[in-house]
Structures are given as structure tokens and as C-alpha cells.
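J.: no sequence for this one, just the structure:
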């Protein structure tokens, strides 16, 4: 099968749209449609049902999708293995990062990488950490730099680089700002604004409350820490945020608990051959990790 046709099929399946798949592949929508039609003709089955502006996989499409992903990973893995023989750091690295890590931890690493390896391309994708984990597992991503899962999948190689100390915070005019030293039970009686329920960070927060036998009151949730900062600063509730986000718009609540520690780092699939560009990026990350360990 033509790998370009398979790539168009996988992209359309993941985005649920031919137009969005075309944007991701830097093609026109007719070109994506033509490739998928060619694949359908090749296998003799319809792969998508067109429902309005979206497309949904047929039974044949559902059957083909995991096999198409596996084939593309195998082809990509072979290409990287051959490219690595030259030892030149070229090609395109598909790297995912979360918004917070990408904005507050990764810029210096990316600056060093682009300066040291100008011939290497970078396909940088901003995703929730949980999505990035799955992307590395599925083979869609070669490397991710994100919040690390409490229990990582054994198929992944996971390396901590930084640690975020998370602090309980509220707006300066919130009742908790003048409460003095409090415990989690007192905090839990006030409404909080926290990361989404399925995020690694939310899991760390809930684990801390569970150990104290407390169920927090959650008013609002979002996966974007900068949005949580804004909501806490204007008094919509207390929150838990990394020290890197603290400034004069927030009050650090004196909670009778040590900071929640959140590991950040990189991960890749153990069974995948890394490109020279990925190895070079890991070397830059290791430089940062070693420097942080020494300090």
C-alpha cells in the first residue's frame, strides 16, 4: 500500500475531518480526498462515512486504522535507522510538549537545539501531557516533554528533568488570603478551580486530599494553568499552581502541608529507533537535567 495514502487516512481518522487532515499534512483537501479514495479502491471497501462536515470510520476503517498506524511507524522507524547511519543531525523531529512546559521550561532547550543543529527541522506540537503520552505510545510522536505520569507505561522510557513545586493559592481578596495557617479540611470547604479530572496534575492533588480524608469542592476545571491562575487571581476559587506562575496577583495560602511535587521530563518509546535529531534533543535535555542536579 502507498504510505502517503495511509498517512492521509490516519490523519483524517484522527482529526475527524478531511480539511483538518489536509492542514496537518500541508496538502489541499482534494489531494487528501484523492489519496483516501485511492486507498478505498485498493482495498475494495469504504473507509469513511461522510456526516455533515465530519467523517466517521466505517467498520473497515476501524479495522484498518491500527494496522495503518503500525505500518507507518515501521516505515518511519526504518527511515530513521537508515538516516542515523550517517550520524548527521538532519531530518524532522516530531516533539510534543504541554503548554506550561513549553512556555516555562523548554525555551532554553529549544534555543540551544536550533543553534547547535540548524539542519534539523522541528515539528513542535502543544498537547495535554496525557495526549502526548498516548501519541508516543501510538507512534505518532517520537519524543514528548511533559508532566510525567505517576505510573508510566512500561513500554516508555521516562526521564525526569525538572520538578515543579505546586503551591495552594488564591486571589488577594479571597477570604482564605487572611485566614492564616489552615489545614486541608478547611481549604476543602471553599470552592477550588483545578486542572481537569483526567490530568496527571489533578491526580496528584486528589491524592494529597485523599490521604487527609478530605474531598475538595471543585467549582471549575480547565487544563490550562495560565487560565487557572487568572481565575484564582480574580477570586473565583483557590487553586494549586507551580511556583513558576506565582506573582503579585496571587496569595500563597499557608496550608499545613508540604508542597505537592510534580515531575516534568521527557519520554520516548523503548521499541522505537530514535532519529539523530531526537538523540540530539535528548542530549540537550540531559545537559539541563545534569545542571539542575548539581545545583
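T.: Structure received. Because the structure is predicted, anything quoted here is derived from the model rather than measured.

J.: can you pull out the helices in this protein?
T.: 3-15, 18-25, 29-43, 59-83, 99-104, 107-116, 129-138, 184-188, 200-211, 225-233, 276-294 (DSSP state H).

J.: Which strands or helices does the second one pack on?
T.: Here helix 18-25 touches helix 3-15, helix 29-43, going by 3 or more CB pairs under 8 Å, 6 or more residues apart in numbering; DSSP states H and E. C-betas here are computed from N, CA, C, even on glycine.

J.: Show me what counts as buried in it.
T.: Across helix 18-25, burial judged by 16 or more other CB atoms under 10 Å covers 18, 20-22, 24-25.

J.: Same question for the longest one.
T.: Neighbour-count burial for helix 59-83 flags 61, 64-65, 68-69, 71-73, 76-77, 80, 83 (criterion: 16+ other CB under 10 Å).

J.: For residue 10, the count of nearby residues, please.
T.: When neighbours are defined as other CB atoms under 10 Å, residue 10 has 21 of them.

J.: Oh, that last question was meant for residue 287, not what I typed.
T.: The tally of other residues near residue 287 (other CB under 10 Å) stands at 14.

J.: what residues are up against it?
T.: Neighbouring residues of residue 287 by CB atoms under 8 Å, 6 or more residues apart in numbering: residue 112.

J.: let's see 10 Å
T.: For residue 287, the contacting residues are 108-109, 112, 161, by CB atoms under 10 Å, 6 or more residues apart in numbering.

J.: domain ranges for the protein?
T.: Domain assignment for the chain by automatic domain parsing gives 1-76, 162-262.

J.: okay, how far is it across the longest one, tip to tip?
T.: In other words, domain 162-262. This stretch, domain 162-262, spans 9 Å end to end (CA to CA, to the nearest Å).

J.: Give me the mean pLDDT for that domain.
T.: When pLDDT is averaged along domain 162-262, the result is 95.

J.: when you give positions from now on, start the count at 262
T.: Renumbered: residue one is now 262, and that last one reads domain 423-523.

J.: any idea how far residue 382 is from the nearest residue to residue 296 once chain neighbours are set aside?
T.: Once flanking residues are discounted, residue 296 sits nearest to residue 269: 3.9 Å by CB to CB, 6 or more residues apart in numbering. Relative to residue 382, residue 269 is positioned 21 Å away (CB to CB, to the nearest Å).

J.: neighbour-wise, which of these two wins?
T.: Between residue 269 and residue 382, residue 269 has the larger neighbour count (other CB under 10 Å), namely 27 against 12.

J.: hey, which of the helices and strands packed on helix 279-286 is tucked in deepest?
T.: helix 264-276 (a mean of 21; mean count of other CB atoms under 10 Å).

J.: ok and that one relative to helix 320-344, angle-wise?
T.: Relative orientation of helix 264-276 versus helix 320-344 (axes from the mean of the first three to the mean of the last three CA atoms, to 10 degrees): 120 degrees.

J.: how far is helix 264-276 from where the chain is centred?
T.: The gap between where helix 264-276 is centred and where its chain is centred comes out at 21 Å by CA atoms, centre = their mean, to the nearest Å.

J.: Stretch 490-507 too?
T.: Mean-position distance between stretch 490-507 and its chain equals 21 Å (CA atoms, centre = their mean).

J.: Tell me the buried residues in that stretch?
T.: Neighbour-count burial for stretch 490-507, counted by 16+ other CB under 10 Å, picks out 490-494, 497-503, 506.

J.: would a markdown table of those residues with distance to residue 466 be doable?
T.: Putting those into a markdown table (distance: CB to CB, whole Å) gives the following:
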| residue | distance to residue 466 |
| --- | --- |
| 490 | 15 |
| 491 | 18 |
| 492 | 15 |
| 493 | 14 |
| 494 | 19 |
| 497 | 17 |
| 498 | 13 |
| 499 | 11 |
| 500 | 9 |
| 501 | 5 |
| 502 | 11 |
| 503 | 12 |
| 506 | 15 |
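
J.: Between those, which sits nearest residue 447?
T.: Among those, residue 499 lies closest to residue 447 (CB to CB), at 10.6 Å.

J.: excluding its backbone neighbours, what's nearest the closest one?
T.: For residue 499, the closest residue by CB to CB, 6+ apart turns out to be residue 431, at 4.3 Å.
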